[in-house]
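K.L.:
predicted model and sequence below, questions to follow.
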Amino acid sequence: MRATLLVVDDEINIREGLAQLFSLEGYDVKTAKDGLEGKMIVDKEDIDVVITDYKMGRMSGLDLLQYIVSTHPGIPVIILTAHGSVDKAVEAMREGAFDFIAKPPNTDHLINLVRRALETRELYRTNIELKAEVESQRARSYIIGKAPSIKRIFDLIRKVAPTKASVLITGESGVGKELVADAIHNLSPRRDKPFIKVHCAALAESLLESELFGHEKGAFTGATGRKRGRFEMADGGTLFLDEIGEINQNVQIKILRVLQERKFERVGGEETIEVDVRLIAATNRDLKREITEGRFREDLYYRLNVVNIHVPPLRERREDIPLLAMAFLREFADENGKQIEGFDPRVRQALYAYDWPGNVRELRNCIESAVVMASGKLITLDDLPPGPRSSGEARTISIPAFSSLEEAERIIISETLALVGGNKSKAAEILKIGRKTLYQKIAQYGIGKQEANSSVSSNPREETEN
């Protein structure tokens, strides 16, 4: 899709000359003889960059600039000034002009200015789209994502939340399993009841049983009084056991009994306590392998795994990286009192290319670090930690030998989309094809669907960040 420029100048020779110059450069060009006419065109047309003279009748270039900044933010304005009008140029920059150039303009310099302005325009559009999507996601849940696997997780959460069924959430460390648990509880009829969380791996084995089931006074050395356990505290609500694969078999047996009979005794006690608790568990371990190797009870596994929700790693849903990065950017910019508008294009490419072994948690930490280090309005490559920063280097596309032309084209289009974070306008520009043609190619080769199908487990749905 070709960019559209607006040239505003009361000198017809300059106006028509610039229109011809940029038409030959491949742009669509609109012209106006003064600021008032330019204002009407900006209101009616989809303009990407404005080039305007400073001094004109009816409405000056400065007045036009002020109007565009206030009503059409994101459209870069380049000011043409007479020789020696430095003070006017400085005034225009203060009012928000992208840049200025003296008349008669050096055409090569002006062409480069327009290219840079278009990059800024695309960045503005991308950030606006991401902000809108982030707000939409926040309005729906704590989970951010639009990948097919994440959408399936959303669907499954909606189905399972109103029930009493136990849920087992699986996935690598840092993918956001706790956020899935949060969403299930918050959408359930128990939302106004207690939601108790226990991180099993953080508790010593000797303390876990007491933590879950409570204890009586004198049950063990240091037990100076009665203590309620987490199951008792969660009565009527939800109990979330994170990293349940870390618990020993003695505790596993007691959890199994609670799931079967809804009863237990405190450590050192004889009183049987009945509870109504909805159990959600999570693990980054392969529990089936743990069963085979004798470390996890098979009967407990099936009690926990009534519904399984598998949260895919971030590398398998890269299309969510821009949304997550923008959400974290806004969070930490507000927290640190910084005015940061978005990411440099090279940063977006680096974030997309990196494999994120720590998943969403690592991405969140990366953006927090970048916000702290940033000194401008954009996060730059230098602001990133070493791992993600190294992914900002030039990338190559590998095409297997003996590939057909169609397969080679599919790989090139798919990798280019990955490189630009799914931005189809940018991909079309890089590939030197029209956006309509790109959409046709995406549909023809099933790009997006193929990748999603290969990375989705049986039970996934939306994004998270734990």
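P.N.:
That came in fine, so what should we check first?

K.L.:
show me which parts of stretch 107-118 are buried, residue by residue.
P.N.:
For stretch 107-118, the neighbour count (16 or more other Cβ atoms under 10 Å) marks Leu110, Leu113, Val114, Ala117, Leu118 as buried. (Glycine included, C-beta is placed from N, CA and C.)

K.L.:
just the ones of these in strands?
P.N.:
Taking DSSP state E, every one of the buried residues of stretch 107-118 sits outside strands.

K.L.:
now the strands for the protein?
P.N.:
4-8, 28-32, 49-53, 77-81, 99-102, 167-170, 195-199, 238-242, 263-265, 272-274, 278-283, 307-310, 342-343, 378-379.

K.L.:
out of those, flag the one nearest Glu298.
P.N.:
strand 167-170 (13.4 Å; Cβ to Cβ).

K.L.:
neighbouring strands - and their directions - for that closest one?
P.N.:
strand 278-283 (parallel), strand 307-310 (parallel) (DSSP bridges).

K.L.:
pull the CA atoms of that strand into CSV?
P.N.:
The C-alpha coordinates for strand 167-170 follow below in CSV (Å, rounded to 0.1, in the frame of the first residue of the first chain):
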residue,chain,number,x,y,z
VAL,A,167,-8.1,-28.2,37.0
LEU,A,168,-4.5,-29.0,36.3
ILE,A,169,-2.5,-26.2,34.6
THR,A,170,0.7,-27.3,32.9
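
K.L.:
need the contact partners of that strand.
P.N.:
160, 177, 180-181, 184, 279-284, 287, 304-311 (Cβ atoms under 8 Å, 6 or more residues apart in numbering).

K.L.:
6 Å - rerun?
P.N.:
Under the criterion Cβ atoms under 6 Å, 6 or more residues apart in numbering, residues Val160, Lys177, Val180, Ile280, Ala281, Ala282, Leu304, Asn305, Val307, Asn308, Ile309, His310 lie in contact with strand 167-170.

K.L.:
which one of the strands paired with strand 167-170 lies closest to Ile128?
P.N.:
Per Cβ to Cβ, nearest to Ile128 of the strands paired with strand 167-170: strand 307-310, 32.2 Å.

K.L.:
avg pLDDT for that closest one?
P.N.:
In this model, strand 307-310 has an average pLDDT of 97.

K.L.:
distance from the chain centre to it, please.
P.N.:
22 Å (Cα atoms, centre = their mean, to the nearest Å).

K.L.:
buried sites along it?
P.N.:
Val307, Ile309, His310.

K.L.:
how about stretch 269-288?
P.N.:
Gly269, Ile273, Val275, Val277, Arg278, Leu279, Ile280, Ala281, Ala282, Thr283, Asn284, Leu287.

K.L.:
what's the answer for stretch 328-348, then?
P.N.:
Those would be Phe328, Leu329, Arg330, Phe332, Ala333, Ile340, Gly342, Phe343, Asp344, Pro345, Val347, Arg348, for stretch 328-348 by 16+ other Cβ under 10 Å.

K.L.:
got CSV for those, with pLDDT and distance to Pro105 too?
P.N.:
Formatted as CSV, the buried residues of stretch 328-348 follow (pLDDT from 0 to 100; distance: Cβ to Cβ, whole Å):
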residue, pLDDT, distance to Pro105
Phe328, 94, 41
Leu329, 95, 36
Arg330, 91, 38
Phe332, 94, 41
Ala333, 94, 37
Ile340, 93, 33
Gly342, 90, 29
Phe343, 91, 31
Asp344, 87, 27
Pro345, 81, 26
Val347, 89, 32
Arg348, 87, 31
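
K.L.:
quick one, domains of the chain?
P.N.:
Per automatic domain parsing, the structural domains of the chain span 4-131, 166-305, 317-466.

K.L.:
report the rounded mean pLDDT for the first one.
P.N.:
Right, domain 4-131. Mean predicted lDDT for domain 4-131 stands at 88.

K.L.:
hmm, back to that, looking at the contacts of strand 167-170, which is nearest Glu129?
P.N.:
Distances from Glu129 to the contacts of strand 167-170, taken by Cβ to Cβ, are shortest for Val180, at 25.7 Å.

K.L.:
where's that closest one relative to Ile273, distance?
P.N.:
29 Å (Cβ to Cβ, to the nearest Å).

K.L.:
do the same with Lys197
P.N.:
20 Å.

K.L.:
same question, Leu64
P.N.:
For Leu64, the distance to Ile273 - Cβ to Cβ - is 75 Å.

K.L.:
same question for Leu179.
P.N.:
Taken as Cβ to Cβ, the span from Leu179 to Ile273 is 30 Å.

K.L.:
cool, Glu246 as well?
P.N.:
For Glu246 relative to Ile273 (Cβ to Cβ), the value is 24 Å.

K.L.:
and what of Tyr439?
P.N.:
61 Å.

K.L.:
swap in Arg364?
P.N.:
39 Å.

K.L.:
also Leu324?
P.N.:
Distance from Leu324 to Ile273, by Cβ to Cβ: 42 Å.

K.L.:
same check, this time on Val90
P.N.:
76 Å.

K.L.:
picking that back up, which one of the contacts of strand 167-170 sits closest to Leu259?
P.N.:
For those, the nearest to Leu259 is Leu304 (7.6 Å; Cβ to Cβ).

K.L.:
my read: that closest one touches Ala282, true?
P.N.:
No: Leu304 lies out of contact with Ala282 (Cβ atoms under 6 Å); the separation is 9.9 Å.

K.L.:
in stretch 77-97, what counts as buried?
P.N.:
Buried, per 16+ other Cβ under 10 Å, within stretch 77-97: Val77, Ile78, Ile79, Leu80, Thr81, Ser85, Lys88, Ala89, Glu91, Ala92, Ala97.

K.L.:
what does stretch 13-32 give?
P.N.:
Under 16+ other Cβ under 10 Å, the buried positions of stretch 13-32 are 14-15, 17-19, 21-22, 27-32.

K.L.:
those residues: which two are farthest apart?
P.N.:
Ile14 and Asp28 (18.8 Å).

K.L.:
any chance you could map the helices in the stretch 151-300 of the chain?
P.N.:
Under the criterion DSSP state H, counting those that start in this stretch, the stretch 151-300 of the chain contains helices at 177-186, 205-213, 230-233, 249-261, 287-292, 298-304.

K.L.:
give me the number of residues near Leu62?
P.N.:
20 (other Cβ atoms under 10 Å).

K.L.:
what separation do you get for it and Gly222?
P.N.:
Applying Cβ to Cβ to Leu62 and Gly222 gives a distance of 76 Å.

K.L.:
Ile158: how many residues sit nearby?
P.N.:
Not quite, residue 158 is Arg, not Ile. 14.

K.L.:
go on, the one 4 residues further on?
P.N.:
Neighbouring residues of Pro162 were enumerated by other Cβ under 10 Å; the total is 12.

K.L.:
outside of stretch 240-259 itself, list whatever touches it.
P.N.:
With Cβ under 6 Å, 6+ apart as the criterion, stretch 240-259 contacts 181, 197-201, 205, 208-209, 264, 280-283, 285, 287, 290, 297, 300, 303.
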